[in-house]
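[1] this one's structure only:
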């Protein structure tokens, strides 16, 4: 017997593409909503083309990328040209029996399709419509475009990351695609619950870039309340809480403490690093005891937080001379056993292969994928005791579910379906069909 | 134009109005409570006597440390009421049980096992309120070999993979360590996911009447938040390399963070900036207005193959243009010409952004205790039918003790005094 799913019975029309939008809709599917991804092969989702995630030995193609697979699990997929009158009519039929429409196009694209909120609510008065444009749908610069890195730069997040005196290091991935995706799911869940309580749908106008600003709250208030200059000596302080020699300010990562840094570990490889932080004199004493204690640390300058902050360079050199003698997992385990906060820097490989916690908690679920074979998918980072999130369906191959959606859900006849393939509604007229698409029509 | 938080446009209630949340959360979960409070939930923050430890985190108002002056606490605890309660006292536990009888959700961040040991675990609390949802947000969840490990933001960004993806090209900073981006984002990531789990449980509760227990993990949330790094590894076995201000990748990709004339940088995201003859022409005409187009207006660039073949030269000319122009003109000028560029802005540049003002993003929040109001960051998403709003500034320590213990639980002032004197509140 399968466990109950929280969003059982909820249908989502998913126009999203690339990363933030699909990641949002993925969670709705993971909670049991029926998510139908709408695509058009001539404007392929760029994650279907990510050259870095086609496994060796797998024939490249739009159904062969690992990145698309994980981002679009738990969805069905159709191909439909909503730019044609017939395609528009079909999508309206689908929207009329759906609960949520979600998209992350540039602002006003949906209006151009003839699918703005004013139209959507005529088709389905209590529809929940989530738009996820970079700058949002309103405001004078609504038409500005963003990809993750530019959105992060504009939001102030990029400037929070790096070493003093060097260019910002920023974020080595589209953090705002991840966060934008979480936020899109949060908006959909919240507005759906509000609809259930009141009977009223609504348009939720999310901005990816502004999402980033909401994650800079302490820096924001330090500016508006205290007038602190953002560009200042010693900021941002790398992995430290404050940079030695610079005036002490809180730099928005929690309490100002030392040690609080990254250190090389045994092996010297690219990701052979750990972090150690001591939040109290007691934790520092625990670390000293664990280290030997070393002769360099027999110095009253390190007894107080002030002294440790001031002499971080010397202290960190000393600590690193010890961390380099231990492998990073061994080091973290020893520190933790001694009551010291420490964790290894984990690469993707480390998380998948070496992290005992993620293994124990079942972070990755395997499902069969038609092109990728047995494939790992990332689970939700929380467990619900009664209605758990679940990986239940591999991502759609492009146009995979046209027949079941058009015939079973919308009641089109098989002839109508075949006509739609001939007239460019369900597949581009000039484009050869994949074997599974032809097979599904038989 | 600013948006006065107290006058919720058109008098509509937030989407979570009617939801009663008891929050017992430190840095791990206070943001999750704020997310719910700003959307209309009635969030009661239950702090230990003397206040939650997050009150001791700076920066402080005018740099004068005080538990009611932490700007960090201010930001993460808007739209909450605050009470104090010593859960390690018999009376404190009893009062907490009475509060849970009318609550929809308990959000807690204690070490695993702490509340059950006090007789306040999910099963204990749900016996009097079967619809109750309890969400425990802890560093590693309630089970597993690392369950009791000590962490902090930096530790989570190390173990979660954020650091392995963030840092520098070696020609920008030689021998740079992996960098943990600042701002406390391990807690943001965890709180966002916890919010999703809570909404899913509420959705199920609304349909079935049945509450449940949520075991949420900061580590798993972080491990899930490095975009393509895991997929790249699973697909090819390759581990990403760190690059300055752009995606970590298995290859040595083209730089996209270009320095500007005034000491700033503009990020010219690759995937949105692909050049063809028409787009190159558009850029070159703009550059020519400043005498910096060099040869880019040449007819030979009206051929796509030439544009692609000369990409390196074009990038050099572009970099020279950037080096001679101010950051603000560059990114807005690029956007007006359909290039999705973004300046690396600090708070200095974000304040007063007219687009943000158009969206009512800058919110004035009153601090009656100081006789002043301050500008807070507003909403990421505009809920057109049920507005987001900061209903009140963060609570002072125990500010709502009387309102809740006397007003709601019907204690007398005398009983309240006894509780305070005996170390319960």
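    Noted; the coordinates are in hand. A quick note: this is a predicted structure, and the numbers were derived from the prediction, not measured. Numbers count the residues shown, from 1 in each chain, chains lettered A, B, ... in the order given.
[2] State the number of residues packed around residue B:423.
    Neighbours of residue B:423 under the rule other C-beta atoms under 10 Å in any protein chain shown: 12. From N, CA and C alone the C-beta is placed, and that goes for glycine too.
[3] Kindly report the same for residue B:119.
    Residue B:119 has 13 neighbouring residues, counting by other C-beta under 10 Å.
[4] same check, this time on the one 4 residues further on
    By other C-beta under 10 Å, the residues close to residue B:123 number 11.
[5] Phi first, then psi, for it.
    For residue B:123, the backbone dihedrals (degrees, to the nearest 10) come out as phi -60, psi -40.
[6] From chain A, how far off is it?
    10 Å (C-beta to the nearest C-beta, to the nearest Å).
[7] pLDDT at residue B:12, what is it?
    At residue B:12, the model reports a pLDDT of 88.
[8] who touches it in this structure?
    B:385, B:386, B:387 (C-beta atoms under 8 Å, 6 or more residues apart in numbering or on different chains).
[9] list the contacts for residue 39?
    Just so you know, I chose chain A. Per C-beta under 8 Å, 6+ apart, neighbours of residue A:39: A:17, A:45, A:77, A:78, A:79, A:80, A:398, A:399.
[10] could you do chain B instead?
    Residue B:39 sits next to A:190, B:14, B:15, B:16, B:383, B:386, B:388 when contact means C-beta under 8 Å, 6+ apart.
[11] OK, contacts around the fourth one?
    Residues near residue B:16 by C-beta under 8 Å, 6+ apart: A:190, A:193, A:194, B:36, B:39, B:40, B:41.
[12] packing partners for whichever strand or helix holds residue A:336?
    Using DSSP states H and E, residue A:336 maps to helix A:328-337. For helix A:328-337, the packing partners by 3 or more C-beta pairs under 8 Å, 6 or more residues apart in numbering or on different chains; DSSP states H and E come out as strand A:273-277, helix A:281-291, strand A:341-344.
[13] distance between that helix and the chain's centre?
    Centre-to-centre, helix A:328-337 and its host chain are 29 Å apart (C-alpha atoms, centre = their mean, to the nearest Å).
[14] pLDDT on that helix, on average?
    98.
[15] thinking again about what came up before, among the contacts of residue B:39, which one sits closest to residue B:265?
    Looking at the contacts of residue B:39 and their distance to residue B:265, the nearest is residue B:388, at 31.5 Å (C-beta to C-beta).
[16] So for the helix holding residue A:336, what gets flagged as buried?
    Neighbour-count burial for helix A:328-337 flags A:328, A:329, A:331, A:332, A:333, A:335, A:336 (criterion: 16 or more other C-beta atoms under 10 Å in any protein chain shown).
[17] part of a strand, is residue B:282?
    No: applying DSSP: H, G, I helix; E, B strand; the rest coil, one finds residue B:282 to be helix, outside a strand.
[18] Wait, it touches residue B:336, no?
    No: between residue B:282 and residue B:336 there is no contact under C-beta atoms under 8 Å: 10.1 Å.
[19] Spell out for me which residue occupies the centre of the chain.
    All of this refers to chain A. Closest residue to the average C-alpha location of chain A: residue A:178 at 1.9 Å, with C-alpha atoms, centre = their mean.
[20] Chain B is the one I meant
    residue B:188 (4.1 Å).
[21] Report the rounded mean pLDDT for the helix or strand hosting that residue.
    Assessed by DSSP H and E, residue B:188 sits inside helix B:185-208. Across helix B:185-208, pLDDT averages out at 97.
[22] So for residue B:313, what's the pLDDT?
    Taking residue B:313 on its own, its pLDDT is 89.
[23] burial of residue 165, as a residue count?
    By default, I'm working from chain A. If you count neighbours by other C-beta under 10 Å, residue A:165 ends up with 9.
[24] You answered for a different chain; I wanted chain B.
    Residues near residue B:165, counting by other C-beta under 10 Å, number 30.
[25] how many neighbours does residue 44 have?
    I went with chain A, as the question did not name one. Residues near residue A:44, counting by other C-beta under 10 Å, number 14.
[26] ah, I was thinking of chain B
    Neighbours of residue B:44 (other C-beta under 10 Å): 24.
[27] In the sheet, which strands lie alongside the strand or helix carrying it, parallel or antiparallel?
    If you go by DSSP H and E, residue B:44 is part of strand B:42-47. Each strand that pairs with strand B:42-47, with its direction, by DSSP bridges: strand B:20-24 (parallel), strand B:80-84 (parallel).
[28] Neighbours of residue A:168, how many?
    26.
[29] cool, and residue A:160?
    With other C-beta under 10 Å as criterion, residue A:160 counts 29.
[30] Assess the claim that it and residue A:218 are in contact.
    No: using C-beta under 8 Å, residue A:160 makes no contact with residue A:218, being 9.9 Å away.
[31] got the domain boundaries for chain B?
    As assigned by automatic domain parsing, chain B contains the domains B:3-226+B:364-421, B:253-259+B:265-343.
[32] for these, which one ends up most surrounded?
    Most buried of these, by mean neighbour count (mean count of other C-beta atoms under 10 Å in any protein chain shown): domain B:3-226+B:364-421, with a mean of 21.
[33] Chain A next: which of the contacts of residue B:12 are close?
    B:385, B:386 (C-beta under 8 Å from any C-beta of the partner chain).
[34] where does the stretch 1-150 of chain B come near chain A, residue by residue?
    Those residues of the stretch 1-150 of chain B that sit near chain A, judged by C-beta under 8 Å from any C-beta, are B:15-16, B:18, B:27, B:35, B:39, B:56-63, B:71-72, B:74-76, B:122, B:135, B:140-141, B:143-147, B:149-150.
[35] In helices, which of the residues you listed appear?
    B:35, B:71, B:72, B:74, B:75, B:76, B:122 (DSSP state H).
[36] residues contacting residue B:237?
    If you count contacts by C-beta under 8 Å, 6+ apart, then residue B:237 has residue A:349 around it.
[37] ok, now with 10 Å
    Neighbouring residues of residue B:237 by C-beta atoms under 10 Å, 6 or more residues apart in numbering or on different chains: A:55, A:56, A:348, A:349, B:250.
[38] and what of residue A:63?
    A:48, A:69, A:77, A:369-372, A:395-400, A:434, A:436.
[39] In which helix or strand does it reside?
    Of the helices and strands defined by DSSP H and E, none includes residue A:63.
[40] what phi and what psi does the backbone show at it?
    Backbone dihedrals for residue A:63, given as degrees, to the nearest 10, come out at phi -110, psi 10.
[41] For burial, what's the neighbour tally of residue A:438?
    Using other C-beta under 10 Å, residue A:438 has 12 other residues around it.
[42] quick one: buried residues of whichever strand or helix holds it?
    Per DSSP H and E: residue A:438 is located in helix A:435-441. Residues of helix A:435-441 classed as buried: A:437, A:440 (neighbour count, 16+ other C-beta under 10 Å).
[43] for chain A, longest helix please?
    helix A:175-198.
[44] Now render the helices and strands packed on helix A:328-337 as TSV, adding mean neighbour count, distance to residue B:362 and mean pLDDT.
    What follows is those, written out as TSV (neighbours: other C-beta atoms under 10 Å in any protein chain shown; distance: least, C-beta to C-beta, whole Å; pLDDT from 0 to 100):
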stretch	mean neighbour count	distance to residue B:362	mean pLDDT
strand A:273-277	28	34	98
helix A:281-291	17	40	98
strand A:341-344	28	36	98
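[45] Turn the ones you listed into TSV, columns for distance to chain B.
    Formatted as TSV, these follow (distance: least, C-beta to the nearest C-beta, whole Å):
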stretch	distance to chain B
strand A:273-277	4
helix A:281-291	8
strand A:341-344	4
